[in-house]
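Colleague: Okay, structure incoming, though there's no sequence with it:
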């Protein structure tokens, strides 16, 4: 039998067949994927083959179909290993907030670099618009300008008040969409607004730490009535970039990628070399200083700050 993994709880996977039946399945013995060393061999979004166990409604996964793509993060506990967040995605929406809790530009950039590296179109959704002061709206405009200028669509919403939620709804039709972001940014509230029938648990942001609780504890896929799927994931406190060599890092910054062939040296690191087109663009104000700082941070291995 063949099916789609719609939920992963670590040791068990929920697999949905084409006729919408769902089976709890496990992996029998050692299950390794050639060329990928991760803490989780399978992820939500994977297409798998499985056999039903005799006289039971549970199954054993026997084969993983080739992935179109996947998105990965550095494992928190095992820094040399990665954790696959989800697979076979059409797009990723990063839910961000400017306060309560604040999403740093560095975190946004690490997510976008990872999405670029694994060929996943990414968009930014700025939530909690209802909390913004006039000053906050000005900061938001500056943030949006940085990312829209390099090709990342940005959306302003309030899941609480329903502001601009139709824009997000239109993005999702007939696509497999990953929702990601810090704990507390309102991912579950957004998904509840899009699919009220789910009634996902939401939580208050801690006043002392300004971080949200992990209200989602495992990845799960939900089908949309208009076509397509949403994948909800646990909130990410830190996002470490993994499996990207320093020499190719600039390829995953679109504004650097379009200029790197104009550098004097083919092996330019875009740090202090003469005749560097990237540094010239930075000096001219055509590349954002915050984006360049993120490049240096990842390049130097300081890439797990929240």
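Modeller: Noted; the coordinates are in hand. The structure displayed is predicted, hence computed values, not measured ones.
Colleague: got the contact list for residue 164?
Modeller: Contact partners of residue 164, counting by Cβ atoms under 8 Å, 6 or more residues apart in numbering, are 129, 155-158. Using the backbone N, CA and C atoms, a C-beta is placed for each residue, glycine as well.
Colleague: all helices for this protein, in order.
Modeller: In the chain, the helices defined using DSSP state H lie at 105-117, 134-148, 165-172, 187-194, 254-257, 277-284, 289-299.
Colleague: a markdown table for those helices, including distance to residue 19, mean neighbour count and mean pLDDT?
Modeller: Below are these laid out as a markdown table (distance: least, Cβ to Cβ, whole Å; neighbours: other Cβ atoms under 10 Å; pLDDT from 0 to 100):
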| stretch | distance to residue 19 | mean neighbour count | mean pLDDT |
| --- | --- | --- | --- |
| helix 105-117 | 33 | 22 | 93 |
| helix 134-148 | 41 | 14 | 94 |
| helix 165-172 | 23 | 15 | 93 |
| helix 187-194 | 25 | 22 | 87 |
| helix 254-257 | 42 | 18 | 97 |
| helix 277-284 | 52 | 17 | 97 |
| helix 289-299 | 44 | 18 | 95 |
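Colleague: could the contacts of residue 164 be laid out in JSON lines, adding distance to residue 164?
Modeller: Shown next, in JSON lines, are those (distance: Cβ to Cβ, whole Å):
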{"residue": "129", "distance to residue 164": "7"}
{"residue": "155", "distance to residue 164": "6"}
{"residue": "156", "distance to residue 164": "6"}
{"residue": "157", "distance to residue 164": "5"}
{"residue": "158", "distance to residue 164": "7"}
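Colleague: Between which two of those is the distance greatest?
Modeller: Based on Cβ to Cβ, the longest span within these runs between 155 and 158 and measures 11.1 Å.
Colleague: about what we covered before: which one of the helices of the chain lies closest to residue 244?
Modeller: helix 105-117 (5.4 Å).
Colleague: Point out where the stretch 201-306 of the chain drops to low pLDDT.
Modeller: 201-217, 235-240, 242-243, 302-306 (pLDDT under 70).
Colleague: change it to 80
Modeller: 201-218, 234-243, 302-306 (pLDDT under 80).
Colleague: The stretch 51-200 of the chain too?
Modeller: For the stretch 51-200 of the chain (pLDDT under 80), the answer is 73-83, 99-100, 196-200.
Colleague: Just the strands from it, written as ranges.
Modeller: Under the criterion DSSP state E, counting those that start in this stretch, the stretch 51-200 of the chain contains strands at 58-64, 70-74, 82-87, 91-96, 122-126, 154-156, 176-180.
Colleague: How far away from the center of its chain is the third one?
Modeller: What it means is strand 82-87. Centroid displacement of strand 82-87 relative to its chain, using Cα atoms, centre = their mean, to the nearest Å, is 9 Å.
Colleague: Buried residues in stretch 46-56, which are they?
Modeller: 46-48, 50 (16 or more other Cβ atoms under 10 Å).
Colleague: what residue of this protein is the furthest out?
Modeller: residue 55 (39.2 Å; Cα atoms, centre = their mean).
Colleague: contacting residues around it?
Modeller: Taking Cβ under 8 Å, 6+ apart as the definition, residue 55 has no contacts.
Colleague: Once you drop chain neighbours, what's closest to residue 49?
Modeller: residue 63 (4.0 Å; Cβ to Cβ, 6 or more residues apart in numbering).
Colleague: hang on, the one you found packs against residue 47?
Modeller: No. In this structure, residue 63 is not within contact of residue 47 by Cβ atoms under 8 Å, at 9.4 Å.
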